[in-house]
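*Asks:* Sharing a sequence plus its predicted fold:
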Amino acid sequence: MITETSVIGNHNTSIAEVSFVDNEIFRNGGYMEETRTELQMIKMSEIQSKEVAWLWYPFIPYGKLTIIQGDPGDGKTTLVLNIAAKLSKGEGFDSDMKLTEPLAVIYQSAEDGLADTVKPRLEAAGADCENISVIDESKKSLSMIDERLEEAIIKTKAKLLILDPIQAYLGGNMDMNRANEARDMTKKLAALAEKYQCAIVLVGHMNKAAGNKAAYRGMGSIDFFAVARSVLLVGRVEGEENIRAVVQIKNNLAGFGHPKAFQLSEDGFLWLGDYEITADEVLGGIAPKANKLEQAKRLLRKLAETNDAIQSNEIVNLAEEQNISRRTLENAKKELGIRAKRINNSWYWELDKVRSE
């Protein structure tokens, strides 16, 4: 037990020295010896202030770590591949991806074949594959602290590095559930991002702890979540089979971005832009309230195509078949300017003047 002063080896060591973060204590010939890191101080007056630069405001910053997480099969890889494809051509999803020229991208995938899966998907997304590179792992698997990452960034001048999934790039001896190991590894990767002002995106699967907060459903230690400056959740939208939501659940650098969405179909990837949904609705498999309102309006517009008026009870029953509540139906009625009229002791909704989209 260490008190205020203790003897370690031949040294009188204070408790402050023993607990100092950068001290390493090791055994040598049966004695405990310590190696000390020289103290260096930096005055804040010596540091030059600068603004955060953004690849995609406020979702993906340059020089920082971003995590994109979600359940397997929910579209995380599809999203990052389409981001890479856009950037390779100097384009963006929206006006918040401000690009003046095509960007170099490094995309590492441990789950999909390059020839039969990754490249065909990039080509389908219209990518300029000349600007997208992969580090060859045929001789040695890559890890998050592999020196080849830095060499590749220097060689390609990449402004975006994607590791998909994060679990595959931990290295054989690293336990991602140990906080100290996860923190050390992510801090080194964050330093690499800052050094070259490269946006680094880690794609992660979520665990099956249903009902937990998104931060705790990411695989492994919470320290991965802690070191990332931005975390995006990708998930299914209840009631919309082909739509995936993108919701920001952490942002240390700016205000939270508005939720987004994209659509998957036989024709490929379609960016939908702003979407009304919350992280709780994505995680809980709950149909978003705003989405239900739109569903109710679609129902009323469709009925208006063939009917001038319908008995209100009939409309309510049709809505209930689609799990649309009476309150949501009434809100849709109000937004579309529908009036109710009593005919022979029954109430009808007049649909002949339904407002168009």
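*Replies:* Now that the structure is in, tell me what you want to look at. Not measured: the values here are computed from a predicted model.

*Asks:* buried residues in stretch 307-315?
*Replies:* 309-310, 312, 315 (16 or more other CB atoms under 10 Å). Where C-beta positions appear, they are placed from N, C-alpha and C, glycine not excepted.

*Asks:* quick one: which of those sit in helices?
*Replies:* Using DSSP state H, the subset of the buried residues of stretch 307-315 located in helices is 312, 315.

*Asks:* with the buried residues of stretch 307-315 in mind, which one is nearest to K292?
*Replies:* Proximity of the buried residues of stretch 307-315 to K292 (CB to CB) peaks at I315, which lies at 15.1 Å.

*Asks:* Domain boundaries for the chain, per the record?
*Replies:* 5-35, 54-286, 290-350 (automatic domain parsing).

*Asks:* Need the winner for burial among those domains.
*Replies:* Greatest average neighbour count among these goes to domain 54-286 (a mean of 18), per mean count of other CB atoms under 10 Å.

*Asks:* circling back: format the domains of the chain as CSV; extra columns: mean pLDDT and distance to S45.
*Replies:* Below are those laid out as CSV (pLDDT from 0 to 100; distance: least, CB to CB, whole Å):
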stretch, mean pLDDT, distance to S45
domain 5-35, 43, 24
domain 54-286, 89, 21
domain 290-350, 89, 49
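
*Asks:* Relative to M41, which of the ones you listed is closest?
*Replies:* Closest among the domains of the chain, using CB to CB: domain 5-35, at 13.4 Å.

*Asks:* gap between stretch 279-297 and the chain center?
*Replies:* 20 Å (CA atoms, centre = their mean, to the nearest Å).

*Asks:* Distance across it, terminal residue to terminal residue?
*Replies:* End-to-end distance for stretch 279-297, by CA to CA, to the nearest Å: 24 Å.

*Asks:* How about V227, nearest residue that isn't a chain neighbour?
*Replies:* Excluding the flanking residues, the one nearest V227 by CB to CB, 6 or more residues apart in numbering is T186, at 3.9 Å.

*Asks:* can you check L189 too?
*Replies:* Of all residues not flanking L189 in the chain, M144 sits nearest, at 5.2 Å (CB to CB, 6+ apart).

*Asks:* My guess is that neighbour contacts K187. True?
*Replies:* No - using CB atoms under 8 Å, M144 makes no contact with K187, being 10.6 Å away.

*Asks:* how about the residue nearest to L189, what does it touch?
*Replies:* Going by CB atoms under 8 Å, 6 or more residues apart in numbering, M144 touches 163, 166, 169-171, 185-186, 188-189.

*Asks:* Just those residues: which are in strands?
*Replies:* L163 (DSSP state E).

*Asks:* Take the contacts of M144 and lay them out in CSV including distance to I135.
*Replies:* Output for the contacts of M144, formatted as CSV (distance: CB to CB, whole Å):
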residue, distance to I135
L163, 10
I166, 16
Y169, 11
L170, 16
G171, 15
M185, 17
T186, 19
K188, 17
L189, 14
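
*Asks:* related to what we said a few turns ago, which one of the buried residues of stretch 307-315 is nearest to S230?
*Replies:* Closest to S230, out of all of those and judged by CB to CB, is I315, at 43.6 Å.

*Asks:* hang on, the earlier thing: among the contacts of M144, which are in helices?
*Replies:* Counted as lying in helices by DSSP H, out of these, are 185-186, 188-189.

*Asks:* In TSV, list those along with distance to L87.
*Replies:* As requested, those are exported to TSV (distance: CB to CB, whole Å):
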residue	distance to L87
M185	26
T186	23
K188	25
L189	20
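
*Asks:* all strands in the stretch 1-150 of the chain, in order from the N-terminus.
*Replies:* Here the stretch 1-150 of the chain has its strands, by DSSP state E, counting those that start in this stretch, at 5-8, 11-14, 24-28, 31-35, 54-56, 60-61, 65-70, 105-109, 132-133.

*Asks:* Repeat that for the stretch 251-357 of the chain.
*Replies:* With DSSP E, counting those that start in this stretch as the criterion, the stretch 251-357 of the chain has strands spanning 260-265, 268-274, 309-311, 339-343, 346-350.

*Asks:* which one of those lies closest to D128?
*Replies:* strand 268-274 (16.4 Å).

*Asks:* Output the contacting helices and strands for that closest one.
*Replies:* helix 76-88, strand 260-265 (3 or more CB pairs under 8 Å, 6 or more residues apart in numbering; DSSP states H and E).
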